[in-house]
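Novice: Take this sequence and fold it.
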Amino acid sequence: MRVLIADDDRDTVLTLGILLRSEGYDVRLAQSGTEALTLAAEFQPDVALLDLNMPGRTGLEVAQELAGRATRCPVLIAVSGHLGEEERRLAGSSGFHDLVSKPYDPHALLLLLDSLRR
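Specialist: Residues are numbered from 1 along each chain as shown. Here you go, the predicted model:
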C-alpha cells in the first residue's frame, strides 16, 4: 500500500516514514501542503496522512484538492495535536475519512492502516 505522509515537523515525518517502511508500506514524505500535492500527483497514494496545521497549504486545503482530482487519494486521514469540535467538523467537510491525534500511538496507527489493507 502506498502512503503519503505530510507534516511540517521534520522529525514526525522521518519517524513515521521509518515506522511504516519497516512494516512494508511504500512511503513518500512531504513537509508542506504544496509538496504533498506534487507528490500525490506522481505517487498516487492509497492513503494520505495530512497534518491539518501546515504552513502555506493546510491539510484541509490539500484534502479538498485531492478529493476534487480525477486521480484522487482514496483514503485521507487528518492528523493534529488539537482535535477539537471545530477541527473535527472541518476535517469531515474537507473529505477526510478518519482523524488521528498527535502524538501518534504507533500501534493504533498501524492497526488503522492494516484495516485499510483489507
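
Novice: doesn't Asp9 make contact with Pro55?
Specialist: No - Pro55 is not in contact with Asp9 according to CB atoms under 8 Å; the separation is 11.2 Å. C-beta here means a position set from N, CA and C on the backbone, and glycine is covered the same way.

Novice: okay, the two: which has more neighbours?
Specialist: It is Asp9, of Pro55 and Asp9, that has more neighbours when counted by other CB atoms under 10 Å, with 15 against 10.

Novice: For that one, list the residues it contacts.
Specialist: Asp9 is in contact with Asp51, counting by CB atoms under 8 Å, 6 or more residues apart in numbering.

Novice: returning to that earlier point: find the residues that touch each one of Pro55 and Asp9.
Specialist: Here Pro55 and Asp9 have no joint contacts, going by CB under 8 Å, 6+ apart.

Novice: what's the residue of the chain positioned farthest from its centre sitting at in phi/psi?
Specialist: Distance from the C-alpha centroid of the chain, by CA atoms, centre = their mean, peaks at Glu85 (19.4 Å). When read as degrees, to the nearest 10, the backbone of Glu85 gives phi -50, psi -50.
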